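Chemist: Let me see the structure of the following:
(one chain, ligands or ions: 1)
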Amino acid sequence: MSKISYQQRIQWFHQARFGLFIHWGLYSLLERGEWVMFHERIPVDEYRLLADQFTGEAFDADAVARLAVEAGMKYAVLTTRHHDGFCLWDTNVTDFNSIQTAAGRDFVREYVQACRAHGLRVGLYLSNKDWREPGYWEPELYPESAAKVVNDLHAMVEELLTEYGKIDLLWFDGSWIDVGRKKYDMAEFWQSKKLLKRIYQLQPHILVNNRLEIPADLDTPEQQIIASESGRGWESCMTIGDEAAWGYSRHNPMRKTASQLIRNLSMAASSEGNYLLNIGPDGQGRIVDEDAALLRRMGDWLKIHGQAIYGSERFELSKTFYNQCSCTKKGNTLYLHVNRWTAPEMVLPLFETRPIKATLLTTGQSLDINEKSNGRIVLGRLPMVPADPDMCVIQLDFEREPALINEIDHASWLYGQAAVVEAALPT
Ligand code: GLC
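Modeler: Model (predicted):
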């Protein structure tokens, strides 16, 4: 364990809520996702030739960091090495890196410096596996190579955590063996416990994700939003477009809309989770215009609605109501993130406490508050057209901690008595 408590280490992450994931490497040149080497079974020597073309001439770490800030993101995670084994930093572990090939640049250093300059927390993604090693695929047939894969991983962690200053988040990935003959205990295979211990020794404040086959600090549901228990850090990572392509894919018709992205962010925040949104710059390192525009749109939305997202706590609305809006909480304030606009009124069922003030955060306009049976709060005077085309937020201020009616007798609302269910139940 780290000598710094989990609570302390997780604090910034809990505030942050929104981060940028960047998948970029040799595969970006082939324009069909980061799994292309394996999917198409490209031999090592042939794949290696890509490094001769990989100059990163359009990769501008400063512009990437600026864009992340404009998007309202608070941290970033860059693929320092993906499963193809190509390293974007000045490593001594392998010569398959961006310093000793065409680019002649340490992209990790550029990225780390840019993040710091723009006030972003620094995350590094590091693939456990290296597809180029036969021992990764068949550890029993190639035991020396298998040992090398593990030793390389440990040595790379050592470099990344000693040569680049303070790293806030270490993001492992790909700890499983894809087509091996038998089931391995992968935590044993990677010597994960030993590695984690060393990581906390080198950087005691760091957060480590759960992909070393031990839980460590963060859960990382992929392409879906699944909340962890309260108190445990979690982050939902998602592609901005096609689910199968984290790396650049020229044809990307499945790009999400701004309202989908905002809704995902809001859903993650409503369960105290973060949204790690991925983009794949092209082979030269250029960010696709459509992606940049979507990120900026999110930033504009966050400028107005950020107080409902950053550092928010969870408040579960009644399950059946979840479709209409999700909700975040801060002290005695609730924020309703409205998915379906029901002007001129919006009805919220099962409220035990009554708000003293309702404001449409999107415009600052105050709303009427009325009450009906079954704890229904009726918000009135909502503009007929939602003031934000993607998502409006309503702020409800209470005098004390807001609470919902606990429906123990699930039929009592039929008689307008949802509020007195406990007393009504036979003992
Ligand atoms: C999956 C993909 C991998 C990607 C990762 C991001 O594991 O296989 O390519 O880097 O998701 O979470």
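
Chemist: what stretches of this structure score poorly on pLDDT?
Modeler: Across the chain, residues meeting the criterion (pLDDT under 70) sit at 179-182, 318-322, 419-427.

Chemist: Look up which helix or strand residue 78 falls in, please.
Modeler: strand 75-81 (DSSP states H and E).

Chemist: Show me what that strand is packed up against.
Modeler: strand 18-22, helix 61-70, helix 107-117, strand 121-127, helix 143-162, strand 169-173 (3 or more Cβ pairs under 8 Å, 6 or more residues apart in numbering; DSSP states H and E). The way it works is simple: take the backbone N, C-alpha and C, and place the C-beta from them, glycine included.

Chemist: surely residue 172 meets residue 214?
Modeler: No. Here residue 172 does not reach residue 214: they are 10.0 Å apart, not a contact under Cβ atoms under 8 Å.

Chemist: Quick check on these two: which one has the bigger neighbour count.
Modeler: Between residue 172 and residue 214, counting by other Cβ atoms under 10 Å, residue 172 is the more crowded of the two (25 against 15).

Chemist: beta partners for that one?
Modeler: residue 126 (DSSP bridges).

Chemist: check contacts around it.
Modeler: When contacts are counted by Cβ atoms under 8 Å, 6 or more residues apart in numbering, residue 172 touches 125-128, 208-209, 211-212.

Chemist: next one: residue 53
Modeler: Taking Cβ under 8 Å, 6+ apart as the definition, contacts of residue 53 comprise 29, 102, 283.

Chemist: out of those residues, which is most surrounded?
Modeler: residue 283 (24 neighbours).

Chemist: For the nearest residue in space to that residue that is not next to it in sequence, give me its contacts.
Modeler: Leaving out its chain neighbours, the residue that sits closest to residue 283 by Cβ to Cβ, 6 or more residues apart in numbering is residue 29, at 3.6 Å. For residue 29, the contact set (Cβ under 8 Å, 6+ apart) comprises 50, 53-54, 283.

Chemist: For residue 51, give its distance to residue 57.
Modeler: Applying Cβ to Cβ, to the nearest Å, the value for residue 51 to residue 57 is 14 Å.

Chemist: So between those two, which is more surrounded?
Modeler: Ranked by neighbour count (other Cβ under 10 Å), residue 51 and residue 57 place residue 51 first, with 20 against 13.

Chemist: what about the helices and strands packed on strand 75-81, which gets the closest to the ligand?
Modeler: With Cβ to the nearest ligand atom as the criterion, the ligand lies closest to strand 169-173 of the helices and strands packed on strand 75-81, at 5.2 Å.

Chemist: tell me the angle of the closest one relative to helix 143-162?
Modeler: Orientation of strand 169-173 against helix 143-162 (axes from the mean of the first three to the mean of the last three Cα atoms, to 10 degrees) gives an angle of 160 degrees.

Chemist: relative to strand 121-127, how tilted is strand 169-173?
Modeler: Using the same axes, to 10 degrees: strand 169-173 against strand 121-127 is 20 degrees.

Chemist: Does strand 169-173 reach the ligand?
Modeler: Yes. For strand 169-173 and the ligand, the contact criterion (Cβ under 6 Å from any ligand atom) is met by residue 173.

Chemist: CA atoms of stretch 342-355 as CSV?
Modeler: Provided in CSV are the C-alpha atoms of stretch 342-355 (Å, rounded to 0.1, in the frame of the first residue of the first chain):
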residue,chain,number,x,y,z
THR,A,342,-41.3,18.4,-20.1
ALA,A,343,-42.2,22.1,-20.3
PRO,A,344,-44.0,24.0,-18.9
GLU,A,345,-43.9,21.7,-15.9
MET,A,346,-41.7,19.1,-14.5
VAL,A,347,-42.9,16.7,-11.8
LEU,A,348,-40.6,15.0,-9.4
PRO,A,349,-42.1,12.2,-7.3
LEU,A,350,-41.4,11.0,-3.8
PHE,A,351,-39.7,14.0,-2.3
GLU,A,352,-39.7,14.0,1.5
THR,A,353,-38.1,17.4,1.7
ARG,A,354,-39.3,20.4,-0.2
PRO,A,355,-36.9,22.7,-2.0
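
Chemist: if we can go back for a sec, could you dump the contacts of residue 29 to CSV with secondary structure and distance to residue 407?
Modeler: What follows is the contacts of residue 29, written out as CSV (DSSP: H, G, I helix; E, B strand; the rest coil; distance: Cβ to Cβ, whole Å):
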residue, secondary structure, distance to residue 407
50, helix, 59
53, coil, 63
54, coil, 59
283, coil, 56
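
Chemist: Any chance of the residues you listed in a markdown table with distance to the ligand as columns?
Modeler: Shown next, in a markdown table, are those (distance: Cβ to the nearest ligand atom, whole Å):
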| residue | distance to the ligand |
| --- | --- |
| 50 | 17 |
| 53 | 21 |
| 54 | 18 |
| 283 | 17 |
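
Chemist: Can you tell me which of these lies closest to residue 296?
Modeler: Distance to residue 296 across these (Cβ to Cβ) is lowest for residue 283, with 23.1 Å.

Chemist: Identify the residues contacting the closest one.
Modeler: Going by Cβ under 8 Å, 6+ apart, residue 283 touches 28-31, 53-54, 248.

Chemist: I'd like the distance between it and residue 335.
Modeler: Distance from residue 283 to residue 335, by Cβ to Cβ: 41 Å.

Chemist: ok, and the closest non-adjacent residue to the residue sitting nearest the centre point of the chain?
Modeler: For the chain, the residue nearest the mean C-alpha position is residue 276 (2.1 Å; Cα atoms, centre = their mean). Residue nearest to residue 276 in three dimensions, not counting chain neighbours: residue 237, with 4.2 Å by Cβ to Cβ, 6+ apart.
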